[in-house]
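>>> Provided below for reference: sequence and predicted model.
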Amino acid sequence: SVILNEIIASGNLTDDAILNAASQLKPGIKTEVVINEKIEQQTEWLLGVLREIIDTPKLNKIIARDLGNKHFHYSKKSITGPEHLLEKILSDYGKNIIFGVPALLNTDKYVVSERIKSKVQFDIILVDELSDIQIVELKKPDEKVLEFDKSRNKFFPSKNLSIAIGQSERYISTILRENDEEYKISGKKIREYIEESVSGVTELFITRPTALVVIGRIQDLAIRYEKQDEDVRKKINKKEYEKNLHQAYRELRSTHKNIKIITYSELINGAELRLKHNII
């Protein structure tokens, strides 16, 4: 439909002629090539816009609203902040391009337990290629992933990342209760709600749910060496600082069995790699 709209807009043929021609089209190499090219153009545009957003300095609610309206025509009032803008974009466009999964679900509803008076809210739920569940927890792209302990000269998870990991552990525990009458979304058991929401796209086999925490940028994992306190720079040089930083990040990513930590930069890089190899 996008291709037809462009041809009609060019004025080369009348609407009726185009629609008549379209009704007679048959699948073939030329059609496939044109469609693939269009998909690649759309994907490259989306990834470029995502990079612009995550690399925007001092990304706040006002800037997030402007970017969402400019690029995606979201109403400014519908965007509550940077995290919410990224959640909307990834929910609308991320199923194939970013995450490469059969089904993606975004819900603004809470999982409620009346017995213990608790509730949790997932940002995005993915149904992966094994028909299992992955919960995506989104944090701001300008958050630091690691902080530096001056007394020990070591890096450790930032406060906001630690909170996200704790939330993710709670989400996984909740998802494991998918058939439990105690935990419900809009009055339905978790499994019932998800299966109805994905409309029979795939059958769920929830055996090992996982979580994906998306936070920060790969080039800003921690405070940059140049901005560290003078006493830190006296004790450790830039090369050693950055070497320890990337080593700490690698160790962090392998620490949690069911929780994967990734930056927005790496998420986009992965999509670009899949596009390059025609996996999207």
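Cool, got the structure.

>>> Show me the strands in this structure, by range?
Assigned by DSSP state E, the strands in the chain fall at 103-105, 111-113, 118-120, 124-127, 133-138, 146-149, 154-157, 183-185, 188-189, 210-214, 259-262.

>>> State the distance from the residue most central in space within the chain to residue 149.
The structure's the chain has its C-alpha centroid closest to residue 90; by Cα atoms, centre = their mean the separation is 5.1 Å. For residue 90, the distance to residue 149 equals 33 Å [Cβ to Cβ, to the nearest Å]. Glycine gets a C-beta too; all of them are placed from N, C-alpha and C.

>>> neighbours of residue 234, just the number please.
As a burial measure, residue 234 scores 8 neighbours (other Cβ atoms under 10 Å).

>>> so how far is residue 225 from it?
Going from residue 234 to residue 225 by Cβ to Cβ gives 12 Å.

>>> And for residue 121?
Applying Cβ to Cβ, the value for residue 121 to residue 225 is 37 Å.

>>> Among the two, which residue is more densely surrounded?
residue 225 (17 against 13).

>>> Sketch out the low-pLDDT regions of the stretch 1-150 of the chain for me.
Counting by pLDDT under 70, the stretch 1-150 of the chain contains low-confidence ranges at 1-36, 109, 114-118.

>>> redo that, cut-off 90
1-43, 57-58, 96-97, 100-103, 105-123, 127-132, 150 (pLDDT under 90).

>>> any chance you could map the helices in it?
Applying DSSP state H, counting those that start in this stretch to the stretch 1-150 of the chain gives helices spanning 2-10, 15-23, 29-54, 61-72, 82-94.

>>> Residue 166: neighbouring residues, count only.
Using other Cβ under 10 Å, residue 166 is surrounded by 10 other residues.

>>> Offset the numbering so it begins at 45, please.
With the count now opening at 45, the last piece we talked about shows up as residue 210.

>>> Which residues are in contact with residue 123?
Residues near residue 123 by Cβ atoms under 8 Å, 6 or more residues apart in numbering: 105, 108, 109, 112, 113, 129, 132.

>>> separation between the closest residue to the fourth one other than its chain neighbours and residue 132?
In other words, residue 112. Closest residue to residue 112 apart from its sequence neighbours, by Cβ to Cβ, 6 or more residues apart in numbering: residue 118 at 4.0 Å. From residue 118 across to residue 132, the span is 6 Å (Cβ to Cβ).
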